[in-house]
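**Student:** I'll drop the sequence and a predicted model, then ask my questions.
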Amino acid sequence: MATIQAVVFPKADAYEVRELTLAEPGPGDIVVRTLVTAISPGTERWILRGKHLGTRFPCVPGYHRLGVVESCGAEVKGHAVGDLVYGSGNRWQESDVVSMWGAHVSRSVSAPGGYRNYGPAAAMSREAMERLAFTILCGVSNRGVNRAEIQAGQRTLHLGAGIVGHCAAQLARRRGALPMVIDRDPERIAFVSARMPAIPVVNLDDPDLEAKLKAFAPNGFDVLQDTVGHAATTDRLVPLVRAQGTLLLQAQYFDRQTCALDLDQIKVRELTVKTTCGIREEDWAQTAPLLISGELAMSALITHRLPAARLLEGYGMLHTGTPHSIGIVIHWD
C-alpha cells in the first residue's frame, strides 16, 4: 500500500505532518502527485481553531492544490498521464482522519470528478502554478465584484489587504473603478503598497483617516467590501458609504459575539447588503486565465514559498500571526 505525507490538524490549535495510507486505485481513478499547494489563511485558520462549520478532528485541511497525473485507470476519460490538474479529492485508509477538503497531501487517489485539467504540466511555468493555486480565493474576490456589480467610475473601499480584499480591488480597477484598500497591520500595508503602488492602501489607525477617505470619495464610497469580519470596524466605515450604496460581506462570521453589525445605520443609509459563499463556474472561468497570465497580480501577494520539508513553518505563521504573511505556497517536489 502506498503511503503519503499529509498535513493533519489532530485537535484545535495543533498541526503536524502525518503518514497516511492511500486506498488502492481502481479502474475509474486517477493518481495525482502534488506539485504546489497554498494555504487559505481564512478558512484554514478557522478550521485550526475548531470554529469552521463542520470541523472535525483529526482532519486534513486545504483546498488549493495543483498536481500532475501519474496514472489513470482503464475507465478514465479526459485525463492523461502528465496532465496538470487542480483538485483535492482523495481516499485514504485511516477512517478516523477526515477531509476538510484535504489539499495538503503529497499524493492522492480518487475518481477524477472535481479535478480541473489544465493540459500538460510541462507547459506551465512554476510561477504560473503558484498563482493558479490561489484560484478559489481569487474566485471569491471575483464573485464579490460580480455580486456588487462594480462599475467604471465607482469608488470602492476594501476592508482587509489580504488576498480576497486586494484581489477584489485589482478586479474592480480592471473594470474602471477607483479602489482603495484599508488595513491596520503596518507590515502588511508597507508590503502591499510597495508591490502594487497603483492601488492606495491606508491605515485604519491613521489619525487623518476620515479626511483621507472623504478626499478620495467626497460623495461617499459606492461599495464597501468587508473581508475581515470585525463588526466595530465595519460600523466605523459604513457612514462613509453613500446613501443607497452597497455593503458586501465576504468575511467569515463564526464568532457571532463580535460580528453583530449596527443594522440601524445600514437601514438609515438604505444600503444594499450582499453576501457570497464559495465560488461558481463563472468565477473559475473568469479568474483562472488572469492568474495564469499574471494580469491578476497574485504573485505580488505571496510572502512565503516553502518546500514540503518546512511546511509546518507556514502553519506556525498561520497559528501565531507572526512573522507577517499573506500568501503562503508549499512546493512538494
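**Tutor:** That came through fine. All of these numbers come straight from a predicted model, not from anything done at the bench. Numbers count the residues shown, from 1 in each chain.

**Student:** contacts and neighbour counts: CA atoms only from here.
**Tutor:** Noted.

**Student:** straight-line length of stretch 66-81, end to end?
**Tutor:** End-to-end distance for stretch 66-81, by Cα to Cα, to the nearest Å: 14 Å.

**Student:** now do stretch 111-124: distance to the chain's middle.
**Tutor:** Taking Cα atoms, centre = their mean, to the nearest Å, the mean C-alpha location of stretch 111-124 is offset from the chain mean by 20 Å.

**Student:** list of residues touching that stretch?
**Tutor:** 28-30, 68, 76, 79, 82-89 (Cα atoms under 8 Å, 6 or more residues apart in numbering).

**Student:** what residue lies at the spatial centre of this structure?
**Tutor:** residue 137 (2.8 Å; Cα atoms, centre = their mean).

**Student:** which strand or helix spans that one?
**Tutor:** Using DSSP states H and E, residue 137 sits within helix 135-147.

**Student:** can you give me the buried ones in that helix?
**Tutor:** 135-146 (16 or more other Cα atoms under 10 Å).

**Student:** give the other helices and strands that the following helix or strand past that helix contacts.
**Tutor:** On the C-terminal side of helix 135-147, the closest following helix or strand by DSSP H and E is strand 155-159. When contacts are defined as 3 or more Cα pairs under 8 Å, 6 or more residues apart in numbering; DSSP states H and E, strand 155-159 packs onto helix 163-174, strand 178-183, strand 221-226.

**Student:** could you identify which of the ones you listed is most buried?
**Tutor:** Mean neighbours per residue, mean count of other Cα atoms under 10 Å, is largest over the helices and strands packed on strand 155-159 for strand 221-226, with a mean of 26.

**Student:** tell me the strands beside that one, with direction?
**Tutor:** Here strand 221-226 is paired, per DSSP bridges, with strand 155-159 (parallel), strand 241-249 (parallel).

**Student:** so which of those is the most packed in?
**Tutor:** Ranked by mean neighbours (mean count of other Cα under 10 Å), the strands paired with strand 221-226 are led by strand 155-159, with a mean of 27.

**Student:** if we can go back for a sec, with just CA atoms, put the helix holding residue 137 into CSV.
**Tutor:** Provided in CSV are the C-alpha atoms of helix 135-147 (Å, rounded to 0.1, in the frame of the first residue of the first chain):
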residue,chain,number,x,y,z
THR,A,135,-7.8,30.3,-7.9
ILE,A,136,-10.5,29.6,-5.3
LEU,A,137,-9.6,32.6,-3.0
CYS,A,138,-9.3,34.9,-6.0
GLY,A,139,-12.5,33.4,-7.3
VAL,A,140,-14.2,34.6,-4.1
SER,A,141,-12.9,38.1,-4.9
ASN,A,142,-14.3,37.8,-8.4
ARG,A,143,-17.7,36.6,-7.1
GLY,A,144,-17.8,39.6,-4.8
VAL,A,145,-17.1,42.1,-7.6
ASN,A,146,-19.8,40.5,-9.7
ARG,A,147,-22.3,40.4,-6.9
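
**Student:** understood, closing this out.
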